[in-house]
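J.: Next one to model:
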Amino acid sequence: MRAVSFLLLMLVLACPPTPGRAAGGIDRDSVRFAQLATTEGPSGDMGADIRDGLLAAFDEVNRAGGVRGRKLLLDTFDDHYEPGRAIVLARDVAEGDTHAAFIGQVGTATLKAVLPVANRSGMPMIAPFTGADFARAETAGRVLNLRPSYDQETEAAVAELVDRIGLKRIAVFYQDDYFGAAGRDGVIRALARRDLEMVAEGRYTRNTVAVKVAALMLADAAPDAVILVASAGPAARMMGIARELGLETRYLALSTVDPATLAAEAGADAAGTLFSEAVPSPFDTDLPVASDYRAALKAALPEATPGFGSFEGYLSGRLAIEALREAGAEPTRDKLAEALDRLGDIDLGGLVLRFGPGDRQGLDAVGIYRLTGDGTLVPAGTAPSGT
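T.: Presented below is the predicted three-dimensional model:
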């Protein structure tokens with residue numbers, strides 16, 4: 001799934017905040033949110049998908065008159081997936097005082113860098129795309145999470161490989177930063193609970209596809225399975241090199257790996273790959289909010305392809321909408337933050353987000369899926385077909 005033309009919706013402006021906008025991002029006609037995420041390069045697919053889902057949710061509510069008459073607007077700022085640039089952009093947003101909150105931020109290392117800026121400004125951080133523990137700690141400030149933690153996701157991954165399939169020799173391919181370390185450590189802990197140890201690891205530098213050394217290390221260990229704590233581009237490159245080196249193994253990718261991108265870039269190497277996903281299937285015909293999402297995405301961005309990433313963005317947008325409604329008829333940034341603090345159970349249409357005292361994470365369930373030969377995802381327990 002790739003970024004689509006911004007001309008479809010005049011909501012995303014890749015430019016610094018400009019004078020003349022409402023102080024605090026809220027006026028009587030609109031509420032403006034800021035997204036920090038890369039939408040290009042080896043890791044850009046997920047940022048673009050989250051953005052598209054947010055736009056779909058905002059467009060849906062705007063077509064219905066907005067929230068108490070206010071339109072929801074989104075500005076996306078490309079941080080190039082680099083902490084230093086992310087800090088500069090976050091400061092520009094905070095000092096510009098023209099956005100109510102950050103939303104849909106993508107990247108663990110970049111979130112680690114910008115969170116102090118957000119907290120000093122008093123701006124809430126809604127649904128960042130990370131499962132890192134620091135974003136769930138009491139010291140995180142005004143962060144409200146949608147997705148399960150990396151510990152929950154890696155536990156589900158190891159349970160699938162070890163408990164259900166019966167594999168023992170597990171390796172990890174990971175990005176060499178806060179994100180990759182969080183995922184790797186989660187795997188190590190999940191294996192330790194089963195009296196197992198990680199047999200090998202291969203790492204790569206963020207924003208690169210320099211993965212040959214990692215592939216060599218993994219191929220040399222000949223693991224039963226490799227857990228991918230990565231982005232889709234580097235993962236696809238590593239899988240191809242590992243195959244050329246003679247490695248025959250199973251792969252399980254965390255939700256940070258976009259299935260469509262992996263299928264497109266890895267080709268036949270991707271068939272049979274397992275995926276842990278932090279939100280329900282966007283193609284579930286029995287889930288009303290999934291149907292709402294598909295209709296909203298088609299209406300807002302007709303060229304966009306539905307998928308897990310944009311569904312997560314859509315759910316994040318719906319979460320922000322519910323908080324804004326809770327903030328009352330005369331919302332301010334502080335009232336929005338207070339509304340986020342007191343959210344309880346939110347039924348988005350068959351999917352209930354559960355928040356409460358000390359619990360600032362709406363979802364806990366992790367699903368496991370398998371990529372078929374035709375590039376679609378099916379529940380992992382489904383009988384193989386076309387793989």
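J.: Can you read off the pLDDT for the residue most central in space within the chain?
T.: Centre of the chain computed as the mean C-alpha position; nearest residue by C-alpha atoms, centre = their mean is residue 129, 3.6 Å away. Confidence at residue 129, expressed as pLDDT, is 98.
J.: swap in the one 4 residues further on?
T.: At residue 133, the predicted lDDT confidence score is 96.
J.: Pull the contacting residues for it.
T.: Going by C-beta atoms under 8 Å, 6 or more residues apart in numbering, residue 133 touches 149-151, 182. Any C-beta I mention is one placed from the backbone N, CA and C, and that applies to glycine too.
J.: In helices, which of these appear?
T.: The members of those that map onto helices under DSSP state H are 150-151, 182.
J.: Which of those residues ranks first by neighbour count?
T.: Comparing these by number of neighbours (other C-beta atoms under 10 Å), residue 150 comes first, having 30 neighbours.
J.: and that one, what is it in contact with?
T.: 130-133, 182-183, 186, 254.
J.: Now for residue 332, how many residues are close by?
T.: Using other C-beta under 10 Å: residue 332 sits among 15 other residues.
J.: residues contacting it?
T.: Residue 332 sits next to 24, 26 when contact means C-beta under 8 Å, 6+ apart.
J.: Residue 209 too?
T.: 42, 233-234, 237.
J.: okay if I get those residues as a markdown table plus distance to residue 111?
T.: Converted to a markdown table, the contacts of residue 209 look like this (distance: C-beta to C-beta, whole Å):
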| residue | distance to residue 111 |
| --- | --- |
| 42 | 18 |
| 233 | 20 |
| 234 | 20 |
| 237 | 25 |
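J.: Make a markdown table from the residues you listed and add neighbour count and secondary structure to it.
T.: Output for those, formatted as a markdown table (neighbours: other C-beta atoms under 10 Å; DSSP: H, G, I helix; E, B strand; the rest coil):
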| residue | neighbour count | secondary structure |
| --- | --- | --- |
| 42 | 22 | coil |
| 233 | 23 | helix |
| 234 | 26 | helix |
| 237 | 22 | helix |
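J.: what residues go with each domain of this protein?
T.: Listed by automatic domain parsing, the domain ranges of the chain are 6-148+284-354, 150-277+367-379.
J.: Residue 360 is nearest to which of those domains?
T.: Minimum separation from residue 360 across those (C-beta to C-beta) falls at domain 6-148+284-354, 5.3 Å.
J.: gap between the closest one and the chain center?
T.: 12 Å (C-alpha atoms, centre = their mean, to the nearest Å).
J.: just stretch 144-151 next, same as before
T.: Centroid displacement of stretch 144-151 relative to its chain, using C-alpha atoms, centre = their mean, is 9 Å.
J.: tell me how far the ends of it are from each other?
T.: End-to-end distance of stretch 144-151 (C-alpha to C-alpha, to the nearest Å): 17 Å.
J.: my guess is the residue nearest to the centre of the chain contacts residue 48, does it?
T.: No: counting by C-beta atoms under 8 Å, residue 129 stays clear of residue 48, with 11.7 Å between them.
J.: Common neighbours of the two, please.
T.: Shared contacts of residue 129 and residue 48, defined by C-beta under 8 Å, 6+ apart, are absent.
J.: So residue 53 sits against residue 293, correct?
T.: Yes: in this structure, residue 53 is within contact of residue 293 by C-beta under 8 Å, at 7.4 Å.
J.: Which parts of the stretch 51-200 of the chain are strands?
T.: When assigned using DSSP state E, counting those that start in this stretch, the strands of the stretch 51-200 of the chain occupy the ranges 71-77, 101-103, 125-126, 143-144, 170-175, 200-204.
J.: Quick check: neighbours shared by residue 53 and residue 293?
T.: Each of 310-311, 314-315 lies in contact with both residue 53 and residue 293 under the rule C-beta under 8 Å, 6+ apart.
J.: And these, which is closest to residue 110?
T.: Nearest to residue 110 among these, counting by C-beta to C-beta, is residue 310 at 19.8 Å.
J.: Endpoint to endpoint, stretch 270-281 covers what distance?
T.: Taking C-alpha to C-alpha, stretch 270-281 runs 19 Å from one end to the other.
J.: Tell me the gap between it and the middle of its chain.
T.: Using C-alpha atoms, centre = their mean, the mean C-alpha position of stretch 270-281 is found 13 Å from that of the whole chain.
J.: Which residue of residue 53 and residue 293 possesses the greater neighbour count?
T.: Using other C-beta under 10 Å as the criterion, residue 53 and residue 293 rank with residue 53 on top: 32 against 29.
J.: Let me see the contact set for the more buried one.
T.: By C-beta under 8 Å, 6+ apart, the contact set of residue 53 is 104, 293, 297, 309-317.
J.: The same query, at a cut-off of 10 Å, please.
T.: 104, 279, 282, 293, 296-297, 300-301, 304, 306-318 (C-beta atoms under 10 Å, 6 or more residues apart in numbering).
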